[in-house]
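Asker: what's the 3D shape of this:
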Amino acid sequence: MIEPPDVYRRLHELGLSYRLHEIPFEGVSLEEGLFHAVYVPNNQFALSVLIPDADWLPDELRAHLMENLNT
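Answerer: Presented below is the predicted three-dimensional model:
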């Protein structure tokens, strides 16, 4: 679950050198106030990230999630 302090930092503990708005998500869904974003770094596993659709979400990240939203 992503929280406000996580928005701009690189997520090294997850093995990512990206910030959230840079991650090349495979897909994003939005249900019940949560974005569920999936990143597949290789053919061995996938990472799921839950991001609240909250007021503190920066416009840049919201736009990135909406661009990848599965419809």
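Asker: what is the helix or strand in which residue 62 is found packed up against?
Answerer: Here residue 62 sits within helix 59-67, counting by DSSP states H and E. For helix 59-67, the elements it packs on are strand 27-31, judged by 3 or more CB pairs under 8 Å, 6 or more residues apart in numbering; DSSP states H and E. Where you see a C-beta, it was placed from the backbone N, CA and C, and this is true even at glycine.
Asker: what's the first helix or strand after the strand it packs on?
Answerer: Where DSSP H and E defines the elements, the next helix or strand beyond strand 27-31 is strand 34-39.
Asker: gap between that following strand and the chain center?
Answerer: Centre-to-centre, strand 34-39 and its host chain are 5 Å apart (CA atoms, centre = their mean, to the nearest Å).
Asker: counting contacts, what elements does it pack onto?
Answerer: Contact analysis of strand 34-39 by 3+ CB pairs under 8 Å, 6+ apart lists strand 27-31, strand 47-52 as its packing neighbours.
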